[in-house]
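Participant: Requesting a structural model of the entry that follows:
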Amino acid sequence: MSARQFSQERLMKVLLAPQISEKATYVADKHEQVIFRVATDATKPEIKAAVEMMFKVNVNSVQVACVKGKAKGGRYPGRRNNWKKAYVCLAAGQEINFAANEQG
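Facilitator: The predicted structure follows:
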């Protein structure tokens, strides 16, 4: 599937933020994958099309994981929202440099 099958407006709302952590850095170095926080209703084809459109890279595959929100105790007990993250496997030789993509 390509970006043409999805509206550009929808694809701009699919990716919420890159997930920056020690694990994300390790995965990026070892497996050429980038981790994104995505919309909870996003599908794998939408995520692939959004990454290819926004960063101009080729995507081999996408794996998604639903993260359960933490239960918080204390005076006002509650729960954080559930969210979804996507492991995006890039084609060989491709990389996304977030520092270079910022417009200052």
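Participant: So for the helix or strand harbouring Met53, what gets flagged as buried?
Facilitator: Met53 is part of helix 44-55 when elements are defined by DSSP states H and E. Within helix 44-55, the residues that count as buried by 16 or more other Cβ atoms under 10 Å are 44, 46-53, 55. Any C-beta I mention is one placed from the backbone N, CA and C, and that applies to glycine too.
Participant: helices or strands next to that helix in the packing?
Facilitator: helix 8-14, strand 15-18, strand 33-38, strand 59-67, strand 83-90 (3 or more Cβ pairs under 8 Å, 6 or more residues apart in numbering; DSSP states H and E).
Participant: mind listing what's buried in the longest one?
Facilitator: Counting neighbours by 16+ other Cβ under 10 Å, one finds that the buried residues in strand 59-67 are 59, 62.
Participant: what's the angle between it and strand 33-38?
Facilitator: On the basis of axes from the mean of the first three to the mean of the last three Cα atoms, to 10 degrees, strand 59-67 is oriented at 50 degrees to strand 33-38.
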